[in-house]
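[1] sequence? don't have it. structure:
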């Protein structure tokens with residue numbers, strides 16, 4: 001028997017697989033974290049890519065806005081933010097700095113979550129604003145996206161003298177990679193703009209997939225939004241499974257991001273034999289807090305699981321479904337097939353909240369059975385959304401074997417959000 005282990009919440013869960021069924025474990029090969037994470041950040045800030053140093057950019061600036069990610073992203077802001085603030089004040093001692101929390105379409109980040117992310121010192125002494133995509137009084141128009149949608153973003157970002165983005169780079173299931181331009185769209189964009197960018201047509205595009213930027217219509221809109229908002233400098237990191245900094249990329253928003261994506265791709269692209277069963281996860285906390293976010297991990301299984309096979313996803317989902325519209329559309333759908341067909345016909349200008357997430361989950365469910373392993377989420381909720389359930393990984397495997405046969409092949413992708421999974425050619 002082969003013992004496998006995958007992340008779950010703040011810990012992990014394990015199970016045993018017969019050796020005859022086991023195809024292997026396929027994981028990101030991202031190097032160990034930097035010996036000194038703080039030094040990694042300082043060195044990147046000392047030698048920015050395609051840009052003058054941050055402190056030079058700050059000279060003679062009266063105001064600056066630093067966009068930071070919200071509670072759903074494991075960005076090591078306790079390390080990054082103090083160094084960004086110090087560099088800004090080194091260049092302009094009296095500069096007025098606002099930290100703008102990029103919630104995108106997510107719920108508001110709580111003070112407790114901000115403290116866990118940024119540290120008590122920053123939360124107590126710095127000016128922090130949590131973006132609200134529906135608060136029209138805090139938003140301003142910057143014209144039209146290449147896709148034709150309205151480009152509306154947080155007014156603070158537009159009216160500041162210097163706009164900075166802080167974040168991390170990982171494979172993203174339809175934007176290609178996170179980081180860089182995503183600080184602006186969807187990070188601090190309006191509800192209307194996010195909906196336009198995440199339309200059914202773009203989600204359906206074969207170029208809107210994990211690890212792909214070329215020809216990706218969603219990425220194209222995001223780049224344009226960042227340029228129009230005058231995002232001037234980014235500090236992005238690649239992190240290891242323990243959420244520690246491996247390498248920092250700072251500088252020009254496009255060039256530094258491209259360098260980070262190229263670096264990450266060399267380690268996270270994995271070639272996996274087509275499998276009857278794929279066991280994966282959403283990487284544990286904080287990305288597996290709800291079903292909505294956990295769709296990301298499922299897409300790694302989708303990429304390599306044979307049609308009619310089973311994807312087993314380890315995810316706490318302690319916050320439940322993660323989006324009422326997301327839950328409702330799945331729960332009220334007669335079948336995933338019908339939901340997918342209806343969603344893919346929705347025009348660009350009529351995108352509904354959470355549409356992209358239920359479109360992708362419906363796409364997965366038309367091809368695969370999905371079993372979610374959780375002891376923190378109501379199984380009736382999961383089952384109402386056309387998902388199978390199990391309380392242990394062993395139970396999920398038993399159910400999967402009963403569906404696809406005792407001789408089924410099993411591939412293990414411990415962290416589905418950290419890899420670009422590609423089906424191995426036979």
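    Done, it's in. Quick caveat: nothing in here was measured; it's all calculated off a predicted structure. Numbers count the residues shown, from 1 in each chain.
[2] in the chain, which helix or strand is least confident?
    helix 111-118 (a mean of 91; mean pLDDT, DSSP states H and E).
[3] list the buried residues in it.
    By 16 or more other C-beta atoms under 10 Å, the buried positions in helix 111-118 come out as 113, 114, 116, 117, 118. All C-beta atoms are positioned from the backbone trio N, CA, C, and that covers glycine.
[4] pretty sure the fourth one sits against residue 74.
    Translated: residue 117. No. Counting by C-beta atoms under 8 Å, residue 117 does not reach residue 74; the two are 9.2 Å apart.
[5] enumerate every residue touching the residue nearest to residue 269 when sequence neighbours are not counted.
    The shortest distance from residue 269 to any non-neighbouring residue, by C-beta to C-beta, 6 or more residues apart in numbering, is to residue 420 (4.5 Å). By C-beta atoms under 8 Å, 6 or more residues apart in numbering, the residues touching residue 420 are 171, 210, 211, 265, 268, 269, 270.
[6] please indicate which of those are buried?
    Buried subset of those (neighbour count, 16+ other C-beta under 10 Å): 171, 210, 211, 268, 269, 270.
[7] show me what contacts the first one?
    Neighbouring residues of residue 171 by C-beta under 8 Å, 6+ apart: 177, 178, 210, 211, 264, 268, 417, 418, 419, 420.
[8] farthest pair in those residues?
    Taking C-beta to C-beta, the two most distant members of the contacts of residue 171 are 178 and 419; they sit 13.6 Å apart.
[9] out of the two, which sits in the busier spot?
    Shown here are residue 178 and residue 419; by other C-beta atoms under 10 Å, residue 419 has more neighbours (28 against 24).
[10] hmm, that one is touching residue 271, no?
    No. Assessed by C-beta under 8 Å, residue 419 is found out of contact with residue 271, at 10.4 Å.
[11] give the residues shared as contacts by those two.
    In contact with both residue 419 and residue 271: residue 26, using C-beta under 8 Å, 6+ apart.
[12] and which of the buried ones among the contacts of residue 420 is nearest residue 84?
    Distances from residue 84 to the buried ones among the contacts of residue 420, taken by C-beta to C-beta, are shortest for residue 171, at 24.6 Å.
[13] any idea how far the closest one lies from residue 163?
    According to C-beta to C-beta, to the nearest Å, residue 171 stands 25 Å off from residue 163.
[14] count of residues packed around residue 31?
    Per other C-beta under 10 Å, the neighbour tally for residue 31 reads 12.
[15] out of everything not next to it in sequence, what's closest to it?
    Residue 31 sits nearest to residue 246 (C-beta to C-beta, 6+ apart), 5.6 Å away.
[16] who are the packing partners of the helix or strand that contains that neighbour?
    Assessed by DSSP states H and E, residue 246 sits inside strand 245-251. Strand 245-251 is packed against helix 37-46, strand 231-239, helix 255-268, with contacts defined by 3 or more C-beta pairs under 8 Å, 6 or more residues apart in numbering; DSSP states H and E.
[17] please redo it, this time with the cut-off set to 10 Å
    helix 37-46, helix 77-91, strand 163-168, strand 231-239, helix 255-268 (3 or more C-beta pairs under 10 Å, 6 or more residues apart in numbering; DSSP states H and E).
[18] ok now it, how far from the chain's centre?
    Distance, stretch centre to chain centre, for strand 245-251: 17 Å (C-alpha atoms, centre = their mean, to the nearest Å).
[19] helix 77-91 and that one, what's the angle between them?
    30 degrees (axes from the mean of the first three to the mean of the last three C-alpha atoms, to 10 degrees).
[20] check contacts around residue 307.
    274, 366, 367, 368 (C-beta atoms under 10 Å, 6 or more residues apart in numbering).
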